[in-house]
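Engineer: dropping a prediction and its sequence here:
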Amino acid sequence: MALAGAVLGIAASVTVPRYGVLPDLKDLAVEDRKTIFFELLLPAIEDKNAAVLEQRATIDEVTRRYSGRPYLAGYDRALIEPIAAQYRLVDWRDDPARSLAELARRVDTIPTDLALVQAAKESGWGQSRFAREANNLFGEWCYEAGCGLVPSARRPGERHEVERFRDVGASVASYIDNLNSHQSYDGLRRRRAAMRASGEVPAGEHLVGWLSRYSERRGAYVAEVRGMLRSNRDLIAALRAGE
């Protein structure tokens, strides 16, 4: 992806890799930092969403073959098994028709604007300790000792860590898988599926209301993310136009 600096006035000295480890943005002006941060994440989000669409095409193909049959053929079970595991769908063999319908709800893209804004919100525009030291842009937790960084404010008896990712792309992929599989976001997935069924294209503003369980701050968190979607709409549109 070409750097948008020629259009948006970004300092030419900042290099934006396709995606990897975050560059140091602390010395940039606020608007420049935002633009570089978004441009860094765009290819990671688009690549992950493209991979999700490939899986979705597999589900659609298997669903077409299954229609009218009493069971899934062996080669179709082999195709579905890893997808079902990735999206946390257990006992999927018990009722293939129901399971394929549920996978169709889960295996879908996350709006680019929503992913960009949540990354900015959760990572302080890439400046948080967890973003800089663990490539964790979305505040995701893990529960095995040594899997990440121990939060300084972790209370006695708690065992969670903030997960460490090998690069920005892995963090983005985990975030999208989380929204597509965790029970807390079932409402988001159902809203997205309803929009798909009516021929609408979901955007961040349509799904943000179902993110109240992403944060202990619930409604206040949703309001802040919604505000960020609105205030950064033009910047995101400009960057996507230059893809």
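Structural biologist: Now that the structure is in, tell me what you want to look at.
Engineer: which helix or which strand is home to D113?
Structural biologist: D113 is part of helix 112-123 when elements are defined by DSSP states H and E.
Engineer: count the residues that sit near L53.
Structural biologist: Neighbour count of L53, defined by other Cβ atoms under 10 Å: 13. For the C-beta atoms, the positions are set from N, CA and C on the backbone; glycine is no exception.
Engineer: before we move on, what about N232?
Structural biologist: Residues near N232, counting by other Cβ under 10 Å: 19.
Engineer: and the helix or strand following the helix holding D113, what's buried?
Structural biologist: Tracing the chain past helix 112-123, the next element assigned as helix or strand by DSSP H and E is helix 129-134. When burial is assessed from 16 or more other Cβ atoms under 10 Å, helix 129-134 yields the following buried residues: 130-132, 134.
Engineer: lowest mean pLDDT among the helices and strands of this structure, which one is it?
Structural biologist: In the chain, no helix or strand scores lower on mean pLDDT, DSSP states H and E than helix 5-8, which sits at a mean of 35.
Engineer: show me what the following helix or strand past it is packed against.
Structural biologist: For helix 5-8, the following helix or strand on the C-terminal side (DSSP H and E) is helix 30-66. Where contact means 3 or more Cβ pairs under 8 Å, 6 or more residues apart in numbering; DSSP states H and E, helix 30-66 is packed against helix 74-86, helix 96-106, helix 112-123, helix 168-181, helix 233-241.
Engineer: closest to the centroid, which residue in the chain?
Structural biologist: The residue lying closest to the centre of the chain (Cα atoms, centre = their mean) is I176, at 2.9 Å.
Engineer: of the buried residues of helix 129-134, which is the nearest to P23?
Structural biologist: R132 (10.4 Å; Cβ to Cβ).
Engineer: what about the closest one, distance to V168?
Structural biologist: 12 Å (Cβ to Cβ, to the nearest Å).
Engineer: do you know the pLDDT at P156?
Structural biologist: For P156, the model assigns a pLDDT of 89.
Engineer: over to P17?
Structural biologist: 48.
Engineer: I figured Y185 hits W210, correct?
Structural biologist: Yes: judged on Cβ atoms under 8 Å, Y185 makes contact with W210 at a distance of 6.4 Å.
Engineer: and of the helices and strands packed on helix 30-66, who's closest to R192?
Structural biologist: Here helix 96-106 is closest among the helices and strands packed on helix 30-66 (Cβ to Cβ), at 7.6 Å.
Engineer: so how far is the closest one from its chain's centroid?
Structural biologist: 20 Å (Cα atoms, centre = their mean, to the nearest Å).
Engineer: which element is the residue nearest to G209 when sequence neighbours are not counted on?
Structural biologist: Spatially, and ignoring its direct neighbours in sequence, G209 is nearest to V222 (6.1 Å; Cβ to Cβ, 6 or more residues apart in numbering). Using DSSP H and E, V222 sits within helix 219-231.
Engineer: kindly reformat the buried residues of helix 129-134 as JSON lines containing distance to L40 and pLDDT.
Structural biologist: Shown next, in JSON lines, are those (distance: Cβ to Cβ, whole Å; pLDDT from 0 to 100):
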{"residue": "F130", "distance to L40": "16", "pLDDT": "92"}
{"residue": "A131", "distance to L40": "11", "pLDDT": "91"}
{"residue": "R132", "distance to L40": "13", "pLDDT": "90"}
{"residue": "A134", "distance to L40": "16", "pLDDT": "91"}
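Engineer: which of those residues lies closest to L79?
Structural biologist: Using Cβ to Cβ, the buried residues of helix 129-134 come closest to L79 at A134, 33.6 Å.
Engineer: any chance you could list what contacts stretch 60-78?
Structural biologist: 79-80, 93, 96-97, 100, 104 (Cβ atoms under 8 Å, 6 or more residues apart in numbering).
Engineer: just how off-centre is it within its chain?
Structural biologist: 29 Å.
Engineer: can you give me the buried ones in that stretch?
Structural biologist: For stretch 60-78, by 16+ other Cβ under 10 Å, it's 62-63, 66, 72, 76.
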